[in-house]
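[1] Make a model of this:
(chains A, B, C, D, E and F)
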6 protein chains.
Amino acid sequence: MVKIIAIGEPMVELNAFTQGRLRDVSYFEKHVAGAELNFCMASVRNGVPCSLIAKVGNDEFGYNIIEYARGKGIDVSMIKVDTEHPTAIFFIQRGFPIPMRSSSVYYRKGSAGSTISINDLDLEKIREADIVHTTGITMAISDSAREAALTAMKEAKMTSFDTNIRLNLWSPEKARYTLREAIKNVDILVTDPDDAQIIGGIKDPDEAFSFFSSLGVKTLVYKTGIEGTFVFHEGRKMLQRGFHVQVEDPTGAGDSLSGTFVSLLLKGKPVEYAISHAVASATLVVTVRGDNEIIPDEESAEKFLKEFK
Amino acid sequence: MVKIIAIGEPMVELNAFTQGRLRDVSYFEKHVAGAELNFCMASVRNGVPCSLIAKVGNDEFGYNIIEYARGKGIDVSMIKVDTEHPTAIFFIQRGFPIPMRSSSVYYRKGSAGSTISINDLDLEKIREADIVHTTGITMAISDSAREAALTAMKEAKMTSFDTNIRLNLWSPEKARYTLREAIKNVDILVTDPDDAQIIGGIKDPDEAFSFFSSLGVKTLVYKTGIEGTFVFHEGRKMLQRGFHVQVEDPTGAGDSLSGTFVSLLLKGKPVEYAISHAVASATLVVTVRGDNEIIPDEESAEKFLKEFK
Amino acid sequence: MVKIIAIGEPMVELNAFTQGRLRDVSYFEKHVAGAELNFCMASVRNGVPCSLIAKVGNDEFGYNIIEYARGKGIDVSMIKVDTEHPTAIFFIQRGFPIPMRSSSVYYRKGSAGSTISINDLDLEKIREADIVHTTGITMAISDSAREAALTAMKEAKMTSFDTNIRLNLWSPEKARYTLREAIKNVDILVTDPDDAQIIGGIKDPDEAFSFFSSLGVKTLVYKTGIEGTFVFHEGRKMLQRGFHVQVEDPTGAGDSLSGTFVSLLLKGKPVEYAISHAVASATLVVTVRGDNEIIPDEESAEKFLKEFK
Amino acid sequence: MVKIIAIGEPMVELNAFTQGRLRDVSYFEKHVAGAELNFCMASVRNGVPCSLIAKVGNDEFGYNIIEYARGKGIDVSMIKVDTEHPTAIFFIQRGFPIPMRSSSVYYRKGSAGSTISINDLDLEKIREADIVHTTGITMAISDSAREAALTAMKEAKMTSFDTNIRLNLWSPEKARYTLREAIKNVDILVTDPDDAQIIGGIKDPDEAFSFFSSLGVKTLVYKTGIEGTFVFHEGRKMLQRGFHVQVEDPTGAGDSLSGTFVSLLLKGKPVEYAISHAVASATLVVTVRGDNEIIPDEESAEKFLKEFK
Amino acid sequence: MVKIIAIGEPMVELNAFTQGRLRDVSYFEKHVAGAELNFCMASVRNGVPCSLIAKVGNDEFGYNIIEYARGKGIDVSMIKVDTEHPTAIFFIQRGFPIPMRSSSVYYRKGSAGSTISINDLDLEKIREADIVHTTGITMAISDSAREAALTAMKEAKMTSFDTNIRLNLWSPEKARYTLREAIKNVDILVTDPDDAQIIGGIKDPDEAFSFFSSLGVKTLVYKTGIEGTFVFHEGRKMLQRGFHVQVEDPTGAGDSLSGTFVSLLLKGKPVEYAISHAVASATLVVTVRGDNEIIPDEESAEKFLKEFK
Amino acid sequence: MVKIIAIGEPMVELNAFTQGRLRDVSYFEKHVAGAELNFCMASVRNGVPCSLIAKVGNDEFGYNIIEYARGKGIDVSMIKVDTEHPTAIFFIQRGFPIPMRSSSVYYRKGSAGSTISINDLDLEKIREADIVHTTGITMAISDSAREAALTAMKEAKMTSFDTNIRLNLWSPEKARYTLREAIKNVDILVTDPDDAQIIGGIKDPDEAFSFFSSLGVKTLVYKTGIEGTFVFHEGRKMLQRGFHVQVEDPTGAGDSLSGTFVSLLLKGKPVEYAISHAVASATLVVTVRGDNEIIPDEESAEKFLKEFK
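    So this is what the prediction gives:
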């Protein structure tokens, strides 16, 4: 059976109960999130086992993450508990200054998750996995994390990668330099015009594919909000339009998209099927607080797509 | 003064406080609902007295229903308390797998409401009522309930009926057979293309009217989500378009539509007036959790229609 | 540095936690509001100091208002505490009978705020302020309040005024008579077709400008929901279109619009800049409960406008 | 069958969701209350029909009261809707400055309820009732209300009265003078040492009975927090001790005590039974927000008493 | 390593957010519970692996139970999903009619859990377990469940059993007859005077031990609310007094007590240690809604006991 | 007029909405706290102006603190905004593992507040203040903070100090060494047996006074949970017993006690008056979530004490 490994920092999310500036929010709703954990959720929901390589603190939030991920079916046997550093957390501010958009405030500096290093990797299992996935966030949180991620990518049979540039974690220059190198090891790349602009100075989908395939990328998923999501795969170019819904919090939508796309492709599903399910999944994620609970299984995504066709 | 009697099972509703799978919902909001109770609410809100013939359990939820309905002005003198069976309840899952849609999970098997039988009917009062209303749900929950409903329909001066096929209560075959028979006693029929497909193998509004009028239906209200709601009445065909609003939970909208339409028609209002108020009422219902609290009186519906004209 | 003084009654707002009739609402969320307090909030958020001349009761809600306004940076040194009368409060009913609209139920009769009189004015400070602002509400709540407001307007270097006719506070006749007189002292007028109809029997933007400029108004901000907001200023006519967002509660949007527009104009910003920020501000206000917390500063409004351009 | 009529102002209650000063409370929970409405609830819960003579505003809160009371089984046919005045409301501050105590902030001046007058009385029904009940609050809210209450008491077969002196409604002097006169028409009096001190300058239970019986009182219920509740009835003196529970909000406990005691006595229950049930009822009321929902029926009170015996 | 297997029906719990009658509760908080699942939670929290043999429905609540239990570390590999029957649920009413007490309303008739039978047992694993645990509830929910439980008990190396008589599930006569037979297979029995009265007509601790040991019980845990919990074990009799805390909901306390006691004894801890931890665990459970989340591990229980010593 | 300056880190507090492990908490309630901010709140509530010397981040939580403190009347003119470091936050876990107790989880490492240094001090204002207050927390969070605090203490006319040892911030050895030195500059010391044990190896009140007065302390407030709070002042020894209330969250009680005591003493109130008010204040704080909102003014504390006398 196919199997995925993701590497990255899981976090506890404190989502604003009401919209507006965080200072004016009275209540926060706790969730478990993190780009790679969200990816894993999408993978297991689509029936593909996924292990998360990560570190959490020896604290309530660390065990919260482990219990949640295990409950949802993610393999947590490679999540280590670090007794020296705390679990990372972040707050989500919703609807300010831009309605239907969210922003994150991190308390992740010096976190357990950022101390991950090559010593935390079980290379044998990494080599056995069908796909190893990580994101630009893991590249940005610490040198040791970046080194671990790059090592895993190099050892992997196949890799998927979401650029996920967060400018409150590093500078555009550092992101550009690091990601250009990293992408040389990537088979399936998920990115968008904003990140492509930083990495390659380009915005246009075709130019983006041209640029990234020159770095070695085989499959490109290119999320342009306005037109939809483009997929370049095995010589073809497809476009999956987005679906209009009421927005609660878009955080995590991209992770769900990449996790659904990669896991369905790995299961041997047609790429059109994979990308339509991926966009359905991302669309559901924006309708709720919480980054991953609502990610659909295949049957549920089919119902969604039948309705929105 | 005109007067309506409705026959059907009232239930306590547990509505998900947040959208997504029920497993991920932490809090539920309690309401009182049930297709025929919702119909009655629309009737009394429009100034037409309505009695509900029903049974509830001798338990907190049973008294909850009675107190709520009585408070809102429904005549509850024909609601019996059954000491042997519990009150039915149901849960509403919102926004999954389809955004802006809801689904129901029933705990109504063996409920007090489903034990209703011809013994629970006061035929004299049924014969005195101007209209007797019931729905396909009452036809589906038990043999005795179906028998009671059919008996009441036959004794009634006039009848209205909402097909309301719920495939988790019975099979399409059973629904088709039963409803074809039942509709022979119906004067005002409320249905939609999905149900018409099951009952008569048809979808088109004109074909639907042709089919149902051949069974004896005089007035047909035909709810097509996309185009609006058609009314066939006294040789005329009208279309009332829908109104675009933010959706919270569509549950109960259809009941409110039929209750408003039937009660206004009974009051002698023009059919255009009745159907526009009915659609306004249904539109308000989809903007909130709770199936019937928000049903407008005539003055409020006028304000709504003035705004949305 | 420029400085604004606003005169009007601040209130504690009890906002319905759920939509629908107030009778069916179980929980209310407390906020601090009032047309002129909202205006002041917009002013200080845009970096222009604003003092509120007002009276509150010697009670919890009175101190609530003072603590809130002071915390947010409004100068509260001219808010007096009245030991004889209570602080005014109001309830907001949302989404009934018109979805995405709200209505207010006031408990302000005999309130501390309505007893404000010329004795409560510090004329020296009023003469020093760059702009004195008030609204039609202050004209309506009591004779002494109207007298105080008119006196302040006459003493002021410059005035801005929002017609804000509330027909549950006075009759159209009284509003027309009073406001025609008041507007003779107004430099910057904010109004809309409904109010213009009452005051001058007109609806059309150009006619409105013609009418109000004949009374002495120099700058007119004319809010037409459908087309957008017109500004007539220094011989030019501009139109700022509205932005489509999900609506939670529109209460306070107009106050935020006028406060933002007036304060930015006073700071010397171009009128196009002022009106686009004003409409951005109003748009954010409709996305939340609470009339003023979400009012953006200039930098936040720029982000909003960049997104919605 | 026995029957009670109570006269007094029902109100909508906004109960602080969290303890502390009202200014620091973010959410309020809505309930329906009022001393005489609470009394009626206790009466109907104990199986004795009770009608409330009252006026409410033609507004959401007025209909809220009618729907709630009717739902719970109170006869609301004598509640009039006043189109000129608003329904009274009040806020409950809990736990400040004294833990486990509450205080009320009224918005009832000029309310519909306070305009009640002798014109609102159906004297025939008053004469038919077995007991007419009112409280010192009705004596305090307006001259017309006091006159109406006194008239009803004089016409009644039998009367019960709860002194309920609220010093934010009138002065001790006015309360003393008025209540001394009113009590001359009282058969069953419910009071406590604080009120007895104001009315008669006494605190001691025996002195209180001596004093009030000299005014014509036949049965005295004397609530002393510390020792318990004394009852002087038909030549006997009893003491019912209190029960120790966790306190949420004591508001309404006294009304529940008097309503339970009076209705059970009227049903012919022994006085010991009546007073123990009355104290059980009051004890339950202090464990929740909401003044009357939790009032037990006889069977529930028996369970309570069996546990706390 | 030692290992426990528990057999019994897990349920989704809807706990009243506020105290009082269920009819007056607006919100319900969802938890996962069930006597044997609670027992398993106590076991795994104390470091002893525990498998739950159970059936749930193929529905949201069924998967809710599996995800929750797996997340918390219970072995769920023997929980079967039944596509024919729904998952059982129950509601908790708190504080009425007895403050600080709760009662349960079940919707479990015909549930998936009650269809468990000997066919669902993996006898090999049952024989390997160090202790097999079940309760009187499993004996009461269906014939097949009782048969399965008895079979497992007979095959087990050692058994523990909690009488847990629920009179809304069976009659005292049936409970007496069934439990007398069942207890013949029990090594560690947990019960209380109410259940002992039904089973053996006795209340006194010593008589209870005499009676139950005559049936074959080796260790008796006898929970008397007032005096504390008695343990009869290896010829000794101990008493662990209770701890006074603020009560939120006592549901589940007994399960936590038995799970903690049995697992610690199995780990080889002294009986005094086991019973003090067991009572600490049960005490924490009564301070919250939710039957098992708060069950402490050994280190936390030590902190508790140090404080309350 | 007298005036106090406090030096220390304010924080945003996320208080668990429900009791138990943080992992099982779904919602968090935001408050503003910090030992010295709490102290300042008690001071201003008692009518003594208080300035907080502190640094916060240039982020939502930083402005949250400033707006809150300013609203409540604390002088915030000496709070600096640091654009490099984030505002500190902390979570409160309530009722686990010890009922009625709380514990804190800090995210304050590298926070803006901990970077405070002597450069942030306005020595002139410090010398003008009547009392300078700080706590052991400020001594522990960073070297620069400790240096700043010690400098301020040495420059001050008079000092008050609360030992407040938090063992998750430093070791007992470091605390002992540092605090022994710091206390040499202290006039009014607030501490308890646990801290006295660490600092001086003593527990007994009299020994504690002997020890601390040998270091130069003039007034000692010694909080022993069981017996009450001892005060040694001007040759006298007093004991103020505690008050029994329902506990929600004890966090902040000690700060409120010291702030009330010091400010009342500074106002010239008798020491008995000051300590009884201080204990009343601390008692109210334990009844709510939120460390300082409920701190009473003198009049409210008098009402409390009258009730609990």
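[2] what about residue A:133, helix or strand, and which?
    strand A:131-135 (DSSP states H and E).
[3] can you check residue A:239 too?
    Take DSSP H and E as the rule and residue A:239 turns out to sit in strand A:236-240.
[4] Give the rounded mean pLDDT of the helix or strand where residue A:276 lies.
    Under the criterion of DSSP H and E, residue A:276 resides in helix A:271-286. On average, the pLDDT along helix A:271-286 is 98.
[5] Do a quick rundown of the strands in chain A.
    Secondary structure of chain A (DSSP state E): strands located at A:4-7, A:11-16, A:27-33, A:50-57, A:79-82, A:89-94, A:102-107, A:131-135, A:159-162, A:188-191, A:219-224, A:228-233, A:236-240.
[6] need the contact list for residue A:40.
    Contacts for residue A:40 (Cβ atoms under 8 Å, 6 or more residues apart in numbering or on different chains) come out as A:4, A:6, A:50-52, A:69, A:74, A:259. (Each C-beta comes from the backbone N, C-alpha and C, glycine too.)
[7] now do residue A:283
    When contacts are counted by Cβ under 8 Å, 6+ apart, residue A:283 touches A:242-243, A:245, A:253, A:304, A:308, B:99.
[8] change it to 7 Å
    A:242-243, A:245 (Cβ atoms under 7 Å, 6 or more residues apart in numbering or on different chains).
[9] again, but for residue A:236
    Contact analysis of residue A:236 by Cβ under 7 Å, 6+ apart lists nothing.
[10] Using PDB, write out every CA atom in the helix holding residue A:276.
    Extracted in PDB, the C-alpha atoms of helix A:271-286 (Å, rounded to 0.1, in the frame of the first residue of the first chain):
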ATOM      1  CA  VAL A 271      -5.200  14.100 -12.400                       C
ATOM      2  CA  GLU A 272      -8.500  15.800 -13.200                       C
ATOM      3  CA  TYR A 273     -10.100  13.800 -10.400                       C
ATOM      4  CA  ALA A 274      -7.300  14.700  -8.000                       C
ATOM      5  CA  ILE A 275      -7.400  18.400  -8.700                       C
ATOM      6  CA  SER A 276     -11.200  18.700  -8.500                       C
ATOM      7  CA  HIS A 277     -11.200  16.900  -5.200                       C
ATOM      8  CA  ALA A 278      -8.300  19.000  -4.000                       C
ATOM      9  CA  VAL A 279     -10.200  22.200  -4.800                       C
ATOM     10  CA  ALA A 280     -13.400  20.900  -3.300                       C
ATOM     11  CA  SER A 281     -11.400  20.100  -0.100                       C
ATOM     12  CA  ALA A 282      -9.800  23.500   0.000                       C
ATOM     13  CA  THR A 283     -13.200  25.100  -0.500                       C
ATOM     14  CA  LEU A 284     -14.700  23.300   2.400                       C
ATOM     15  CA  VAL A 285     -11.800  24.400   4.600                       C
ATOM     16  CA  VAL A 286     -12.500  28.100   4.000                       C
END
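[11] ok, residue A:246 to residue A:288 distance?
    10 Å (Cβ to Cβ, to the nearest Å).
[12] Can you show me the helices along the stretch 101-250 of chain A?
    Here the stretch 101-250 of chain A has its helices, by DSSP state H, counting those that start in this stretch, at A:123-128, A:136-141, A:143-155, A:172-183, A:193-200, A:205-214.
[13] Give me the buried positions along the first one.
    This means helix A:123-128. Buried residues in helix A:123-128, counted by 16 or more other Cβ atoms under 10 Å in any protein chain shown: A:125-126.
[14] Contacts for it, please.
    Residues from elsewhere that reach helix A:123-128, judged by Cβ under 7 Å, 6+ apart: A:5, A:132, A:152, A:155-156.
[15] Over to the longest one?
    For helix A:143-155, contacts defined as Cβ under 7 Å, 6+ apart pick out A:7, A:114-118, A:120-121, A:123, A:126-127, A:132, A:134, A:138-139, A:159, A:178, A:182, A:185.
[16] likewise stretch A:95-106?
    Outside of stretch A:95-106, the residues within contact range by Cβ under 7 Å, 6+ apart are A:19-22, A:88, A:90-94, A:168, A:247, A:249-251, C:245-246, C:284, C:287, C:294, C:296, C:300, C:303-304, C:307, F:59-60.
[17] try it again with 6 Å
    The contact list for stretch A:95-106 (Cβ atoms under 6 Å, 6 or more residues apart in numbering or on different chains) reads A:19-21, A:90-94, A:247, A:249-251, C:245, C:287, C:296, C:300, C:303-304, C:307.
[18] I'd like the distance between whichever residue of chain A sits closest to chain C and residue F:172.
    Per Cβ to the nearest Cβ, the residue of chain A with the smallest distance to chain C is residue A:97, at 3.6 Å. Counting by Cβ to Cβ, the gap from residue A:97 to residue F:172 is 47 Å.
[19] Repeat that for residue A:247.
    To residue F:172, residue A:247 is 52 Å away according to Cβ to Cβ.
[20] The two - which one has more neighbours?
    residue A:247 (19 against 13; other Cβ atoms under 10 Å in any protein chain shown).
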